[in-house]
Structures are given as structure tokens and as C-alpha cells.
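Peer 1: the sequence isn't on hand, but the structure is:
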């Protein structure tokens, strides 16, 4: 024998827990916030750079 132990191919399934109203409301709120964040990122990503000022030159040169 080589001395190695074989690992099980699949992990045993975890018991599914029942979700109550608070859990469902929390998951719904997370989905809504993720959708809003994605929409805001898409809206902000469509525009160019903010400000557009770049490096300012000093006004003291003559």
C-alpha cells in the first residue's frame, strides 16, 4: 500500500435550513441594493473623466 488515504469525491450535502420572513426580507434588500449599485456604476462609467482640469500651470510666469 502507498499509505495515502483517498478523499471522498463529493462533500456531503448540507442540510437546507428554512428561511423565515426576516431572512427573506434581508435577501430581497441585498438584491435590490446590488441592482441599484450596478445601475449607478453603469451610469457613472458611461461618462468621461471628472473635472477635466489636469495639472494647473502657475500664473506667475512672464
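Peer 2: Thanks, I have the structure now. Note that the structure is a prediction, hence the values are computed from the model and not measured.

Peer 1: distance of residue 4 relative to residue 19?
Peer 2: 41 Å (C-beta to C-beta, to the nearest Å). Using the backbone N, CA and C atoms, a C-beta is placed for each residue, glycine as well.

Peer 1: neighbour count: the two, which is higher?
Peer 2: Between residue 4 and residue 19, counted using other C-beta atoms under 10 Å, residue 19 has the larger neighbour count: 11 against 6.

Peer 1: wait, what's in contact with the more buried one?
Peer 2: With contacts defined as C-beta atoms under 8 Å, 6 or more residues apart in numbering, the neighbours of residue 19 are residue 27.

Peer 1: now it: how far from residue 33?
Peer 2: Computed as C-beta to C-beta, the residue 19 to residue 33 distance reads 18 Å.

Peer 1: one more: residue 8?
Peer 2: Distance, residue 8 to residue 33, using C-beta to C-beta: 38 Å.

Peer 1: again, but for residue 14
Peer 2: Distance of residue 14 to residue 33, computed by C-beta to C-beta: 26 Å.

Peer 1: can you get me a residue count around residue 44?
Peer 2: When neighbours are counted by other C-beta under 10 Å, residue 44 comes out with 9.

Peer 1: what of residue 22?
Peer 2: Residues lying near residue 22 (other C-beta under 10 Å) number 8.

Peer 1: what's the helix or strand for it?
Peer 2: Assigned by DSSP states H and E, residue 22 falls within helix 21-45.

Peer 1: residues in contact with that helix?
Peer 2: residue 19.

Peer 1: could you give me the average pLDDT of that helix?
Peer 2: For helix 21-45, mean pLDDT is 90.

Peer 1: which of the residues in it are buried?
Peer 2: Within helix 21-45, no residue is scored as buried using 16 or more other C-beta atoms under 10 Å.

Peer 1: gap between the residue sitting nearest the centre point of the chain and residue 27?
Peer 2: With distances taken as C-alpha atoms, centre = their mean, the residue of the chain nearest its centroid is residue 34 (7.7 Å). Distance, residue 34 to residue 27, by C-beta to C-beta: 11 Å.
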